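J.: I need the structure of the sequence given here:
(one chain, ligands or ions: 1)
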Amino acid sequence: MARTQRHLRAQQRVQTLIARDQPLEDTLKAICRIVEAQVPGGIASIMLCDEAQQRLERLYSVSLPQAYCEAIGEVTIGPDNGACGRAAYLRDFVICADLANDPRWVGYHALTARHGLRACWSCPVVGSNQQLLGTFAIYYQRPGEPARSDRRRVIEAAELVSLAVERERNRRALKENEQRYRSMFTYHPDAVFSLDLEGHFTTANAACSSVTGYALKQLIGLHFSKLVESDDRERVAALYRDADKGEAFRYTVTIAHREARSVYLDVTNLPIVVNDRIIGFYGIAKDMTERHRRETELRILQRSVEASINGIIISDARQPNNPIIYVNEAFERITGYRRDEVLGRNGRFLQGNDTDTQAMAQLRQAIAEQREINVTLCNYRKDGTPFWNNLYLAPVRDDEGVVTHFIGIQHDISERKSYEAKLSYHASHDALTGLANRSLFEDHLMHDVLLAQRHGCHLAVLFLDLDDFKPINDSLGHEVGDQVLIQAAQRLADELDPGDTLARFGSDEFVILLPELEREEDAIRLVERLLPCIGRPYRVGEHELYIGASVGIAFLRKELENPVELIQQADMAMYRAKQKGRNAWECFTSDINDEVSERMALRNDLQEAIEAENFELHYQPLLAAQGGQVVGFEALVRWKHPVKGYLSPGLFIPLAEDTGQIGPISEWVLRQACRDMCRLAAKGYGRYRVSVNLSPLQFRRANFLSNLQQALLETGLSPDCLELELTEGILMSDTAAAVETLHRLRDMGVEVSIDDFGTGFSSLSYLKQLPIGKIKIDRSFVRDVTVNRHDSAIVQGIISMAHHLGLLVVAEGIEEAAQRDFLAAHGCDVFQGFFFARPMPLEKLKAYLTQRGAVPGQGDSLSIPLDGEALTAGAQSWPDDNH
Ligand SMILES: Nc1nc2c(ncn2[C@@H]2O[C@@H]3COP(=O)(O)O[C@H]4[C@@H](O)[C@H](n5cnc6c(=O)[nH]c(N)nc65)O[C@@H]4COP(=O)(O)O[C@H]3[C@H]2O)c(=O)[nH]1
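T.: Prediction:
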């Protein structure tokens, strides 16, 4: 009984060892001890088999000699391999009662004999699933067989061993499993974590830390949503609300890294199910930031390529013949080919007859050398029309540097090309006539002069200026003028030889280069043919028009320094021809040069005078025809040249008009006249109206009226004390605008008169539309009015017509009493001329007025009538001889 209890206690101890997961060796040895205690004389040993169950390899024993254990080593499982090898083989209890004579122990006889081992009983240790785990054996130092009780003990011990080994194996498998999972968790490159049902982190691997920037201990307990960027929070929260369905779910989310940058994650969530209950979630978060950035970048790039206004072609360099694998919409638009029509083809189908072979060779070379290139090619659209393609081609290399593709960017520069062609044409041609312009003419001149000098040929330049063209342009409009120019250009061209150059320089200036003259007279002969040619009538619409031309000729001379001088010389000669009268020609000589130089010098002197305001203003009185009162003055500018003394305005005013210097001169005259009139009034000489000559340039200026108003304001002169004298020519160009300006002047209260009347181009009928008060009969009619019946008829006609239109008539240039009497008799209203008074400076004018009864110091006492009615009032008291 006591033995049984001891046995039970011993078994319990072993089971406790097993339950507490004590090391297997300790447990096995404890089992050995129990058995040895129960089987007197028995030496217990346990062998465990390998995984393949072929060998028994580990031997555990408390009492077997160490040397024996070492000598046994491993035992192959087999029917003749000792008690244990056979028991394992048969999976049955094996009794070897006399080892020394047992054939199954052959090979071990000496060993057993040495250690005094004589019998051995072995029982297989089999696992719960009938798997062989090892053997349990009892050795005896005397031969013998086990009693039934011994046999039972051994079997019980084998069962205990089975329990311990299985337990150990399970524990090991569990541990391995756990390690496996832990490794997966720890070493997973992605962030792996678990969340409780509320979403708090319960575990997190190291990658979580690097993805979020937070230390693991900061993460544990933190709510997952705290990391999620605000835009994504609601969406992710909604996903978690459905998570209790127990399914895995996957989503992308942007979280805020601790270093304030966004991290884009691809998260897979799996439920943690324990006992059929979800207790939380595992999460695996892949950092997709870089990939997301690349994908976004790629998407944008792809979109840019799609949307590019340039055609884009990608070809596969790894396939023979470099087939196109992609074209964008712009390519389809530019070429007219649909994508499916070009994929798989080589891009050379865009070339055609006019494709520049040199550019093609360059392109091929670049492809062969696998380098980028930019070439401009003439390509062909699907409909056969050509277009200019500025192609940029570049190789695309993979990571190893191997060229995998070529990308071509097409830029359709057809418009630019045609624009460039137009530009280059316009840069060298006159747009209206299509003739060469100055720049092209000069190029030809340089070239032809060089040749002529080399071969000793005669060469001439003709400068041709149309006469009377400007009035046509001004009165009939530019369109008519343009037609005349085109026809004139054609007539000139028809007369020239192919080697000659005909150019248009200015509005009505043509220049001709005759490079291959046999004799100089040939040039003159040509000019004599050209003049009548130009003089033939021009038909434009319903108009038949006549013009002439003045031509200057310059011949190539040895002393010529710069070919361009020939143009200047011909121009100067033309100027001289113009002075001679219309339809004339003149050859350049050195004295013409002197004249031009003099003009240049005068221009410079005039400029200095303008800057120094070195002018004087003289006033010539205007007198009422009936009564003889002074009704106003004409202001006439005077320039005292530092060397040449007083110069006639007839000399420098035309020059100033040519050079534009008339602008500042006119400004000065206007202001000075206004100021002087104010002074006269202030000193008591009375209020007078002053007539100021207006230059065409001044009248046409955009700010003419505002300048005038400013001058009146600044000087304080009342507008009704100012009269502007215009020539007919001013009114002829852009008549509508001129009439409008006259109305504005009238509105301002400024009087307007037409100067030099009768010399103009047009008829008198236009006068009735004009808001003017007076006309001045030109001096040339007055001069011979008493002796020339034509002039006297013209003057009478002008006076009668003007009166019918309600206009006053002024006669200028009266030098004799007879002229005065004639004009008075025929109703002329106002007189002006040396017969009455010469133009005089202000001081002299004051004396003149005083002499005629003006009382200085009494303000407006001498009130001069300013209107027509008043002019005819008063008594007649003419000075007969005042000069
Ligand atoms: N032979 C002769 N001549 C007489 C007689 N009475 C007046 N004259 C001259 O006739 C010209 C009248 O001026 P105009 O026809 O407007 O002709 C003016 C006018 O067109 C222009 N001019 C003069 N001053 C100015 C000015 O300030 N501005 C503008 N734009 N032109 C001016 O210069 C032209 C010539 O001016 P002036 O030499 O001062 O010549 C003045 C005057 O001195 C006479 O009885 N006999």
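
J.: can you pull the contacts of the closest residue to residue 248 other than its chain neighbours?
T.: For residue 248, ignoring the flanking residues on the chain, the nearest one in space by C-beta to C-beta, 6 or more residues apart in numbering is residue 270 at 4.7 Å. (C-beta placed from N, C-alpha, C; glycine too.) Going by C-beta atoms under 8 Å, 6 or more residues apart in numbering, residue 270 touches 248, 281-284.

J.: Generate the PyMOL command that creates a selection of the buried members of those.
T.: Per 16 or more other C-beta atoms under 10 Å, the buried members of the contacts of residue 270 correspond to this PyMOL selection:
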select buried, resi 281+282+283+284
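
J.: With pLDDT as extra columns, can I get the contacts of residue 270 in a markdown table?
T.: Shown next, in a markdown table, are the contacts of residue 270 (pLDDT from 0 to 100):
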| residue | pLDDT |
| --- | --- |
| 248 | 85 |
| 281 | 89 |
| 282 | 91 |
| 283 | 93 |
| 284 | 94 |
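
J.: hang on, the earlier thing: correct me if wrong, but the residue nearest to residue 248 is in a helix.
T.: No: going by DSSP: H, G, I helix; E, B strand; the rest coil, the assignment for residue 270 is strand, not a helix.

J.: can you tell me how far it sits from residue 280?
T.: From residue 270 across to residue 280, the span is 10 Å (C-beta to C-beta, to the nearest Å).

J.: Repeat that for residue 153.
T.: Distance, residue 153 to residue 280, by C-beta to C-beta: 51 Å.

J.: Same check on residue 619?
T.: 114 Å.

J.: Which of the two has more residues huddled nearby?
T.: residue 619 (25 against 21; other C-beta atoms under 10 Å).

J.: And the residue nearest the centre of the chain?
T.: residue 309 (13.3 Å; C-alpha atoms, centre = their mean).

J.: Could you look up the SS state of that residue?
T.: Three-state assignment for residue 309 (three-state DSSP): coil.

J.: quick one: low-confidence parts of the stretch 201-350 of the chain?
T.: By pLDDT under 70, the stretch 201-350 of the chain has no low-scoring segment.

J.: ok, the closest residue to the ligand within it - contacts?
T.: Across the stretch 201-350 of the chain, no residue is closer to the ligand than residue 309, which sits at 58.2 Å (C-beta to the nearest ligand atom). By C-beta under 8 Å, 6+ apart, the contact set of residue 309 is residue 330.

J.: can you list the residues of this structure near the ligand?
T.: Within the chain, the positions adjacent to the ligand are 620, 636-637, 648-650, 653, 666, 669, 693, 695, 725, 755-756, 779, 812-815, 832-834, 839 by C-beta under 6 Å from any ligand atom.

J.: Endpoint to endpoint, stretch 832-840 covers what distance?
T.: Stretch 832-840 has its terminal residues 13 Å apart, counting by C-alpha to C-alpha, to the nearest Å.

J.: Other residues contacting it?
T.: 618-623, 634, 636, 638, 776, 782, 810-817, 819-820, 848, 879, 882-883.

J.: Sitting in strands, which of these do you find?
T.: 618-623, 634, 636, 638, 776, 810-811 (DSSP state E).

J.: quick one: which two of the residues you listed are the most distant?
T.: Within the ones in strands among the contacts of stretch 832-840, two members stand farthest from each other by C-beta to C-beta: 638 and 811, at 23.1 Å.

J.: And the two? Which one has more around it.
T.: residue 811 (28 against 14).

J.: looking at it, that one is touching residue 826, isn't it?
T.: No: between residue 811 and residue 826 there is no contact under C-beta atoms under 8 Å: 9.5 Å.

J.: what is in contact with the two at once?
T.: In contact with both residue 811 and residue 826: residue 795, using C-beta under 8 Å, 6+ apart.

J.: low pLDDT regions in the stretch 751-883 of the chain?
T.: Judged by pLDDT under 70, the stretches of the stretch 751-883 of the chain that qualify are 759-765, 854-883.

J.: which residue ranges form the strands in it?
T.: 751-757, 774-777, 808-811, 830-831 (DSSP state E, counting those that start in this stretch).

J.: In the longest helix anywhere in the chain, which of the residues would be classed as buried?
T.: Scanning the chain for the longest helix, with DSSP state H as the assignment, gives helix 148-187. Using 16+ other C-beta under 10 Å as the burial criterion, the residues of helix 148-187 that qualify are 150-151, 153-154, 156-168, 185.
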